[in-house]
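Visitor: I need the structure of the sequence given here:
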Amino acid sequence: MNNKELIKYALEAREKSYSPYSQFKVGAAILTKSGEVITGCNIESASYTPTICAERTALAKCVSEGHTDIEKIAVVGSLEKISYPCGVCRQFLREFGKDMLIICATSEDNYTEYKLSELLPNSFGPEDL
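Guide: Below is the predicted model of the structure:
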């Protein structure tokens with residue numbers, strides 16, 4: 001699957017966001033190495049702390065459905081300025097590989113891509129235990 005197709009899934013997931021407090025919608029779409037696409041959106045809570053980001057929602061769904069073989073993830077937050085995964089999400093994604101591709105987009109035609117190792121250099125992962 002090409003990046004534009006994966007971004008389209010992230011844009012669709014973004015529309016399902018539950019963000020009544022920040023009004024900042026985020027959608028994520030993960031492509032597994034077996035070709036499955038699994039999406040997630042951010043879900044806010046009035047007490048803020050239990051709020052979960054779109055990336056972690058998508059990854060939790062992946063794992064709960066038996067997928068730990070992540071190829072890449074597309075993330076769409078703002079439609080005007082590219083948004084990047086927060087530090088917690090970067091570390092959460094790191095559990096499943098430092099070389100996965102992270103696509104940060106505002107649209108199917110405006111995106112940047114990085115290896116997770118570029119966004120989280122000198123990271124701590126399973127091999128460090």
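Visitor: now do the helices in the protein.
Guide: Applying DSSP state H to the chain gives helices spanning 3-14, 54-64, 87-94, 116-119.
Visitor: out of those, which comes closest to E71?
Guide: helix 3-14 (9.4 Å; Cβ to Cβ). (C-beta placed from N, C-alpha, C; glycine too.)
Visitor: which residue packs closest to L79, ignoring adjacent ones?
Guide: Residue nearest to L79 in three dimensions, not counting chain neighbours: T106, with 5.2 Å by Cβ to Cβ, 6 or more residues apart in numbering.
Visitor: ignore the last one, A60
Guide: G40 (7.4 Å).
Visitor: check I52 too.
Guide: Once flanking residues are discounted, I52 sits nearest to I43: 5.2 Å by Cβ to Cβ, 6+ apart.
Visitor: what's the burial count for that neighbour?
Guide: 17 (other Cβ atoms under 10 Å).
Visitor: surely it is in contact with E55?
Guide: No - the criterion here is Cβ atoms under 8 Å, and I43 misses it with E55 at 12.0 Å.
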